[in-house]
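Novice: Sequence isn't available, so here's the structure alone:
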């Protein structure tokens with residue numbers, strides 16, 4: 001017998017075990033550890049799969065709930081619009097009020113559409129601006145210039161900004177720059193990292209000569225109120241060259257759910 005076959009494990013002392021037997025025992029132990037690791041990994045994968053399915057089911061349920069909520073809100077808005085229309089139909093001199101209310105309800109509905117797409121959590125400011133101005137724009141000859149960085153806004157801010165823009169669009173179409181074929185509107189915003197505030201400007205140009213109104217309309221009061229809801233400062237300037245709306249607001253008021 002070769003000498004190698006008779007070697008023993010010197011670490012075993014008096015109870016020496018042949019070296020091959022020692023290696024065989026270690027191999028068995030290693031196989032057991034690998035088998036246990038495989039079992040554990042399978043359990044982890046199975047558990048992860050269950051969690052993934054549960055999360056997927058939860059997401060689908062949440063989406064169904066949001067869609068149902070959105071459907072009911074739109075139905076409610078349609079009902080309110082019908083009530084307003086019926087209530088004002090036979091009253092003299094209420095055509096303007098009726099159209100204004102219908103426009104505001106439509107704007108509210110469009111804001112809800114945006115929020116449903118974002119699962120009622122947030123929406124990008126640029127998306128809100130483009131969505132609010134789309135109905136008043138001309139795809140062949142664009143009337144709006146829109147620029148600004150991406151910023152995700154909470155649902156409350158989305159509705160306030162969308163309603164404000166609808167008022168501005170309605171007013172400029174009737175009395176401002178967009179009542180003239182050459183009129184344009186520049187909408188821009190910027191973030192100030194030092195003050196942590198957002199500055200948004202709506203500036204009209206190439207429209208008719210602008211005069212300050214003799215009295216504050218409901219639309220003006222609504223714009224100011226929506227700005228205050230977001231803890232922002234609203235400034236309306238009636239320059240002869242064009243109306244300017246300036247909105248200065250804390251970024252937290254747009255992005256924080258607690259704001």
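Specialist: All right, it came through fine. In this text, all values refer to a predicted model and were calculated from it rather than measured experimentally. Residues are numbered from 1 along each chain as shown.

Novice: Please identify which helix or strand holds residue 133.
Specialist: helix 125-133 (DSSP states H and E).

Novice: before we move on, what about residue 208?
Specialist: Counting by DSSP H and E, residue 208 is part of no helix or strand.

Novice: per-residue pLDDT, residue 165?
Specialist: pLDDT for residue 165: 91.

Novice: I'd like to know which elements the helix holding residue 133 is packed against.
Specialist: On a contact count with 3 or more Cβ pairs under 8 Å, 6 or more residues apart in numbering; DSSP states H and E, helix 125-133 meets helix 95-117, strand 144-147, strand 152-154, helix 155-174, strand 184-192. Just so you know, the C-beta spots here come from the backbone N, C-alpha and C atoms, and that holds for glycine as well.

Novice: can you do 10 Å?
Specialist: Counting contacts by 3 or more Cβ pairs under 10 Å, 6 or more residues apart in numbering; DSSP states H and E, helix 125-133 packs against helix 95-117, strand 144-147, strand 152-154, helix 155-174, strand 184-192, strand 197-205.

Novice: Give me the angle between that helix and strand 197-205.
Specialist: Angle, helix 125-133 to strand 197-205, by axes from the mean of the first three to the mean of the last three Cα atoms, to 10 degrees: 30 degrees.

Novice: so for helix 125-133, what's the average pLDDT?
Specialist: For helix 125-133, the mean pLDDT works out to 90.

Novice: Can I get the helices and strands packed on helix 125-133 in CSV including mean neighbour count?
Specialist: Below are those laid out as CSV (neighbours: other Cβ atoms under 10 Å):
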stretch, mean neighbour count
helix 95-117, 17
strand 144-147, 15
strand 152-154, 21
helix 155-174, 22
strand 184-192, 17
strand 197-205, 20
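
Novice: which stretches of the stretch 1-150 of the chain have low pLDDT?
Specialist: For the stretch 1-150 of the chain, applying pLDDT under 70 flags the ranges 1-31, 34-35, 38-42, 44-94, 96-98, 100-105, 107-122.

Novice: Sorry, wrong one. I was asking about the stretch 151-259 of the chain.
Specialist: The stretch 151-259 of the chain contains residues with pLDDT under 70 at 257-259.

Novice: try 90 this time
Specialist: Filtered on pLDDT under 90, the stretch 151-259 of the chain yields the residue ranges 153-160, 162-163, 166-167, 169-171, 173-175, 209-222, 225-226, 229, 239-241, 255-259.

Novice: Mind splitting this structure into its structural domains?
Specialist: 19-90, 121-255 (automatic domain parsing).

Novice: wait, what's in contact with residue 195?
Specialist: Neighbouring residues of residue 195 by Cβ atoms under 10 Å, 6 or more residues apart in numbering: 248, 250-251.

Novice: Just confirm it is within a helix.
Specialist: No - Residue 195: not assigned to a helix; according to DSSP: H, G, I helix; E, B strand; the rest coil it is coil.

Novice: roughly how far apart are it and residue 126?
Specialist: 21 Å (Cβ to Cβ, to the nearest Å).

Novice: what's the neighbour count on residue 136?
Specialist: Look at residue 136: counted by other Cβ atoms under 10 Å, it has 17 neighbours.

Novice: again, but for residue 219
Specialist: Per other Cβ under 10 Å, the neighbour tally for residue 219 reads 17.

Novice: Okay, it and residue 140: tell me how far apart.
Specialist: Shown here: residue 219 relative to residue 140, a distance of 28 Å by Cβ to Cβ.

Novice: returning to what we had before: so can I have TSV of the helices and strands packed on helix 125-133 showing distance to residue 223?
Specialist: Formatted as TSV, these follow (distance: least, Cβ to Cβ, whole Å):
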stretch	distance to residue 223
helix 95-117	12
strand 144-147	18
strand 152-154	17
helix 155-174	5
strand 184-192	14
strand 197-205	10
